[in-house]
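In: Here's a sequence, model it:
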Amino acid sequence: MTDWSRLSHAYGSAQDIPMLLDRIASEPKPELWSDLWSALCHQGSVYSAGFAALPWLADMADMADSEDRGQAVNALALA
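Out: Predicted coordinates for the structure are as follows:
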């Protein structure tokens, strides 16, 4: 289990990332994907939370519909 509170993203502690991932999984709006991308890979910088999110992103890319799959695949590029 990932201890998100020990990880960081562009705006500080990553303990908010699991809630954002859950929201995207249930309601994959483009603005939520944008929020995730901004936190995990802000201006090209990569943070520890980005690496921890990779398994989730890979799962989304594998099982999402075509639009959400594209968002997940784009986010996987941060690796």
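
In: give me the low-pLDDT residue ranges for this protein?
Out: 63-79 (pLDDT under 70).

In: how much space between Arg23 and Leu54?
Out: Counting by CB to CB, to the nearest Å, the separation of Arg23 from Leu54 is 18 Å. Every C-beta, even on glycine, is put in place using the N, C-alpha and C of the backbone.

In: now the strands for this protein?
Out: 8-9, 12-13 (DSSP state E).

In: And these: which comes nearest Leu36?
Out: strand 8-9 (9.2 Å; CB to CB).

In: Distance from that closest one to the middle of the chain?
Out: 11 Å (CA atoms, centre = their mean, to the nearest Å).

In: Could you list every helix and strand in contact with that strand?
Out: Packing partners of strand 8-9 (3 or more CB pairs under 8 Å, 6 or more residues apart in numbering; DSSP states H and E): helix 48-63.

In: contacting residues around the nearest residue to Gln43 once chain neighbours are set aside?
Out: The shortest distance from Gln43 to any non-neighbouring residue, by CB to CB, 6 or more residues apart in numbering, is to Ala10 (7.9 Å). Counting by CB atoms under 8 Å, 6 or more residues apart in numbering, Ala10 touches Ser38, Ala39, Leu40, Cys41, His42, Gln43, Ser45, Tyr47.

In: Having no further points to raise, I will conclude here.
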